[in-house]
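*Asks:* Curious how this folds, go ahead:
(one chain, ligands or ions: 1)
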Amino acid sequence: MRVVKVNTGTPYDILIERGLTDNAGSLVKSVTNAEKVTVITDSNVEKLYAKRVVSSLESEGFDTSLFVFEAGEKQKNLATIASMYNHMADFRMSRKDIVVALGGGVVGDMAGFAAATYMRGIDFVQIPTSLLAQVDSSVGGKTGVDIPQGKNLVGAFHQPRLVIIDPDTLKSLPQYYINDGMAEVIKYGCIKDIGLFVTLETENALDIIEDIIETCVSIKRDVVNRDEKEKGERMLLNFGHTLGHSLEKIYNFEGLSHGQAVAIGMVMITAASEKAGITEKGCVGRIEALCKKYGLPVSDTADIAEIAAECASDKKSSAGSVSFVLLKKIGESFTRKTPLNDILEFISL
Ligand code: MG
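*Replies:* This is a model prediction of the structure:
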């Protein structure tokens, strides 16, 4: 088994091995004295893995309950969170009890947020089942929920006690969702690891997915260890995301997946920075080719002025500017503040 150790306020392990889902009970037992466990999942993942996880927890003596909500980003709202609280309170969860988040990014974000706030915070364990959650969102302790005014506008930093990654769960994932996660994998290569980028160019990522997952979570671990609350270096993880989020907003979070939006965002911002002479020549061509290799789009027809306007209203903009993550070259990134009035000119380059 591969173990990646995270040294945030409360240290925890990320475990990676095929078939780990079936050992969920004993693994959760190793990090808690809880009597009760609430497994939170969505209607898609329930059919695939809930039974296995619940029976594994029960066989370790946990009093276990299951909370299922309808799959999809639309359910990522405060009403769903409220029903999680009601469920946990009715099940008489105490402060020493524990939540297990079983599913993709939406499940992890919301179950984590419910755990962060129920009784002022109880422990939780992540069992991410999508590639995006396994390489990215299950690590780092960001939890949250959408409100009508914006995505993830309400949330908390709350680190899991343990992350259990079973790459076998990817076998049940439609290709669309594999591609979605690959955008974040490519992002890690771009910002921090030329070796990873070259591996993605020369091999088929799915053939060596355990290595890929371990590399990505190790990069994220290193960044989060140095900057848990996103005051500096952690912002590098937003490469391609500022423009990507703008596109997601323009399309109302429909029709374009997060990964697709990030892929377009990475290509757009690097095309601009390469033209501005900031990024080494040839980078955007390689990023474009790699995104295409993994089934991701590299351009969009949305109006560039509209994209710029959405950027300016991004929740991460402050003091009249937006911090774009740019590449010096592949594997080396930095942030650069761009005044709101200059965004359009920069991305139109
Ligand atoms: Mg992302």
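*Asks:* Tell me the spacing between the residue most central in space within the chain and His158.
*Replies:* Centroid-nearest residue in the chain, with CA atoms, centre = their mean: Ser137, separated by 2.3 Å. Per CB to CB, to the nearest Å, Ser137 is found 13 Å from His158. The way it works is simple: take the backbone N, C-alpha and C, and place the C-beta from them, glycine included.
*Asks:* low pLDDT regions in the chain?
*Replies:* Scanning the chain for pLDDT under 70 picks out 315-317.
*Asks:* Need the outlier residue of it, farthest from its centre.
*Replies:* Relative to the chain centroid, the chain (CA atoms, centre = their mean) has Gly61 farthest, 31.4 Å.
*Asks:* List the buried residues in stretch 297-307.
*Replies:* Going by neighbour count (16 or more other CB atoms under 10 Å), the buried part of stretch 297-307 is Pro297, Val298, Asp300, Ala302, Ile307.
*Asks:* Then stretch 237-251?
*Replies:* Neighbour-count burial for stretch 237-251 [16+ other CB under 10 Å]: 237-250.
*Asks:* In terms of distance to Phe69, which of these ranks first?
*Replies:* Glu248 (21.4 Å; CB to CB).
*Asks:* And stretch 170-180, how far out from the chain middle?
*Replies:* Relative to its parent chain, stretch 170-180 has a centroid offset of 15 Å by CA atoms, centre = their mean, to the nearest Å.
*Asks:* What of stretch 178-188?
*Replies:* Counting by CA atoms, centre = their mean, stretch 178-188 comes out at 10 Å from the chain centroid.
*Asks:* Give me the residues contacting it.
*Replies:* Stretch 178-188 is contacted from outside by 130-136, 170, 196-197, 200, 205-206, 212, 215-216, 219-220, 237, 239-240, 257-260, 262-263, 266, 287, 290-291, 294-296, using CB atoms under 8 Å, 6 or more residues apart in numbering.
*Asks:* Kindly format the C-alpha coordinates of it as CSV.
*Replies:* What follows is stretch 178-188, C-alpha atoms only, in CSV (Å, rounded to 0.1, in the frame of the first residue of the first chain):
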residue,chain,number,x,y,z
ILE,A,178,-12.0,10.2,-16.2
ASN,A,179,-11.3,13.1,-18.6
ASP,A,180,-12.7,15.5,-16.1
GLY,A,181,-10.1,14.3,-13.5
MET,A,182,-7.3,14.3,-16.0
ALA,A,183,-7.4,18.1,-16.4
GLU,A,184,-6.4,18.4,-12.7
VAL,A,185,-3.6,15.8,-13.3
ILE,A,186,-2.3,17.8,-16.2
LYS,A,187,-2.5,20.9,-14.0
TYR,A,188,-0.1,19.3,-11.5
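*Asks:* picking that back up, what's the helix or strand for the residue farthest from the centre of the chain?
*Replies:* Using DSSP states H and E, Gly61 is not contained in any helix or strand.
*Asks:* Which residue ranges of this structure form helices?
*Replies:* Secondary structure of the chain by DSSP state H: the helices cover 24-29, 43-45, 51-59, 78-90, 105-117, 131-132, 175-192, 194-202, 209-226, 241-250, 258-275, 283-293, 304-312, 343-347.
*Asks:* so which of those helices is the most packed in?
*Replies:* helix 131-132 (a mean of 28; mean count of other CB atoms under 10 Å).
*Asks:* Export the helices of the chain as CSV, with columns for distance to Lys329.
*Replies:* Shown next, in CSV, are the helices of the chain (distance: least, CB to CB, whole Å):
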stretch, distance to Lys329
helix 24-29, 40
helix 43-45, 39
helix 51-59, 43
helix 78-90, 42
helix 105-117, 29
helix 131-132, 26
helix 175-192, 10
helix 194-202, 8
helix 209-226, 17
helix 241-250, 20
helix 258-275, 10
helix 283-293, 6
helix 304-312, 24
helix 343-347, 19
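*Asks:* Next one: the residue found closest to His87 once you drop the neighbours it is linked to in the chain relative to Ser257, how far apart?
*Replies:* Closest residue in space to His87, ignoring its immediate chain neighbours: Phe67 at 4.7 Å, by CB to CB, 6 or more residues apart in numbering. The spacing between Phe67 and Ser257, counted by CB to CB, is 25 Å.
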